[in-house]
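> my questions are about this predicted structure, shown below with the sequence.
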Amino acid sequence: MKLMLVAAVLVAGASTAPAKMEFDQYQLIILRTVPGAPALAKDEHQKMMEGHLGHFRRMAMGGKMVVAGPFGEQDDKTAEGLCLYRAASVAEARALAEADPAVKAGRLRVEAMSWYTEKGALTFPAAEKLRAQAPAK
């Protein structure tokens, strides 16, 4: 009787095996301050920030960036913010991030890596809305 119960449990367990986990892949960019970068005049800083935020908007409208934002309270004061891209590779995401005017001006540097989440775990409705508003290519 015990053997039949064990066999029944094994058969039942085999039929309820977990499905294979699938992942969505993103490219995570951390933007860090560049130590010793010279201070900018107020108008130069304003122009650079407008370009920086405009770059984010263009990346989102082009469907390459899904979210971006600055960090708040933290231990590592060099970490300014992050950008989450959906690009073909880390190299592509790095190249896109390095086109940011704040990076080109030497104010920020880019760290790039792959990041995986369970498939469908994250949605980005604001990014999808921006992408839908983008002019057709």
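Cool, the structure landed. Numbering: from 1, shown residues only.
> can you get me a residue count around Gln27?
Gln27 has 24 neighbouring residues, counting by other C-beta atoms under 10 Å. Any C-beta I mention is one placed from the backbone N, CA and C, and that applies to glycine too.
> give the buried residues for stretch 128-137.
Going by neighbour count (16 or more other C-beta atoms under 10 Å), the buried part of stretch 128-137 is Leu130, Arg131.
> so what touches that stretch?
When contacts are defined by C-beta atoms under 8 Å, 6 or more residues apart in numbering, stretch 128-137 is touched by residues Arg57, Ala60, Met61, Gly62, Gly63.
> if I look at the last one, how far off is Thr123?
Distance of Gly63 to Thr123, given as C-beta to C-beta, to the nearest Å: 14 Å.
> pick out whichever of the two has more residues nearby.
Shown here are Gly63 and Thr123; by other C-beta under 10 Å, Gly63 has more neighbours (16 against 9).
> thank you, goodbye.
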